[in-house]
Structures are given as structure tokens and as C-alpha cells.
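K.L.:
Turn this into a structure:
(one chain, ligands or ions: 1)
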Amino acid sequence: MICERTMSLLKATTSLSKIGFDFDGVIADSLPAKIKLGRRLGFSITPDQTTSNILQKITGKSNYKNLVYLLYRKETLKFKPCEGIKTLIKKLKTHGCSLVIISARGKEESLFAQKWLKKQGLINFFDEIIFCAKQDKPKIIKKYKLDVYIDDSAETLNPCPKNVIKVLYDHYQISGLNCKRKKYLIIKDFKEIL
Ligand SMILES: [Mg+2]
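P.N.:
As a prediction, the model looks like this:
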């Protein structure tokens, strides 16, 4: 099954196709900053505790609010790009792919994401940069007729349209653990696509 998916992924990434990317955790490596901010607030957090539900339980509501506020604003500018993502983006663009970002960041938070993309010299590689509510991602993926969509959250990939090749980027090996059925192609490294 995975083999078939890998084949179709290869096919899709080598022809003129539309590829969608989540921003946080796929393009920008937000997880180390989350852990660092947690520590600053006095909480020792492991990568598998960084999902919003768990993190909120550990830190409490008010600390969590504070952490998220900083993370998606000022701290964003300090994020590193996810390993190998810049090479992948440039390569896909050279192959004639159309690239789209679909992020669930809010209005103010989106400005920091755009600033980061400019700073990293990546903004011009994208044909569209869309910010929407998390639950609207499947609708946007359908609207833009994406062939491939990459996200770091299995929860987000679940409701995505069937005809889209779904890729779970699980660099820290935290989301893929709960995927019993292989509905997605799970990758730990973007080199696997390259
Ligand atoms: Mg994400």
C-alpha cells in the first residue's frame, strides 16, 4: 500500500502538480521553540507532550495562552526551517509544481509567518498563502485542487479529501505513532520525497 502511495507521490511531485504545505511543523520548525518556551515558564516538556491538548493540561490554561501568544508572534521569527524543506521547495518549484501554504494561524499570527517566509527567502516560491480555520483546511484543499498535502498533524489529515495524497511529516515521531491504519504516507525526513 505504502509502495503504491510512494509511487503516486513520486509521480505527483515530478509532474506539474499542486502541492500544499502546512506552515508550523512542516515548513517552520516550531516544536523546539514550544519546548523552550515551556521551560521558560517552568515546565519540562518532551516532544510528545507538545500537542495542544496535552500541553494545555501540563501548563494550565493561562500559561498555555501565554506560550501560544509568544510562539506564534515574536518567537516565530527565531524558528529554524524544518530540515530539508528549503531544498524540497526549491526543487519542486524547478519541476514546475505549484506550491500552496495552508495554515491555521490567526490574522495577527499570520503576519509573523509571512515575515518569517520573507526572512528565509521562501515567500516567492509559493503561489498562494492561505490562512484559515483548522476545520476549513479540507475545504481549501478541495478548492485549490491540490494533488498532495503535507501536514504534521494526523488529526488534520483525517478529514482531507480522498483523492489527495496525504503526507504526514512526523520528524519527531510523535503523530505517526497513533496511526493504526496507514491512511497517509508517513515521512520523517523530506529527503524521502527528494
Ligand atoms: Mg502544523
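
K.L.:
following the helix or strand harbouring A113, which helix or strand shows up next?
P.N.:
Applying DSSP states H and E as the criterion places A113 in helix 107-119. On the C-terminal side of helix 107-119, the nearest following helix or strand under DSSP H and E is strand 128-131.

K.L.:
quick one: average pLDDT of the helix or strand just after that following strand?
P.N.:
Secondary structure here is assigned by DSSP H and E; on that basis, the next helix or strand after strand 128-131 toward the C-terminus is helix 137-143. Taken as a whole, helix 137-143 has an average pLDDT of 96.

K.L.:
Could you do stretch 43-55 as well?
P.N.:
Per-residue scores along stretch 43-55 average to 92.

K.L.:
What is the end-to-end distance of it?
P.N.:
Across its full length, stretch 43-55 reaches 10 Å end to end, with Cα to Cα, to the nearest Å as the criterion.

K.L.:
If you count neighbours, what's buried in it?
P.N.:
Neighbour counts using 16 or more other Cβ atoms under 10 Å place F43, I45, Q49, T50, L55 of stretch 43-55 among the buried residues. The way it works is simple: take the backbone N, C-alpha and C, and place the C-beta from them, glycine included.

K.L.:
Which elements pack onto the helix holding A113?
P.N.:
Other elements packing on helix 107-119 under the criterion 3 or more Cβ pairs under 8 Å, 6 or more residues apart in numbering; DSSP states H and E are strand 98-103, strand 128-131.

K.L.:
Tell me what angle it forms with strand 98-103.
P.N.:
Angle between the axes of helix 107-119 and strand 98-103 is 140 degrees (criterion: axes from the mean of the first three to the mean of the last three Cα atoms, to 10 degrees).

K.L.:
Buried ones in helix 107-119, by neighbour count?
P.N.:
Taking 16+ other Cβ under 10 Å as the basis for neighbour counts, the residues of helix 107-119 that come out buried are E109, S110, F112, A113, Q114, W116, L117.

K.L.:
after the helix or strand bottoming out on mean pLDDT in the chain comes which helix or strand?
P.N.:
For the chain, counting by mean pLDDT, DSSP states H and E, helix 2-14 ranks last in confidence among helices and strands (a mean of 62). From helix 2-14 onward toward the C-terminus, using DSSP H and E, the following helix or strand is strand 18-21.

K.L.:
Strand partners (parallel or antiparallel) of that next one?
P.N.:
In the sheet, strand 18-21 lines up against strand 98-103 (parallel), strand 148-151 (parallel) (DSSP bridges).

K.L.:
Pick the most buried one from those strands.
P.N.:
Of the strands paired with strand 18-21, the one with the most neighbours on average (mean count of other Cβ atoms under 10 Å) is strand 148-151, at a mean of 26.

K.L.:
tell me the SS of the closest residue to K142 other than its chain neighbours?
P.N.:
Counting by Cβ to Cβ, 6 or more residues apart in numbering, K142 lies nearest to P161, which is 5.1 Å off, once chain neighbours are set aside. When the structure is split into helix, strand and coil by DSSP: H, G, I helix; E, B strand; the rest coil, P161 lands in coil.
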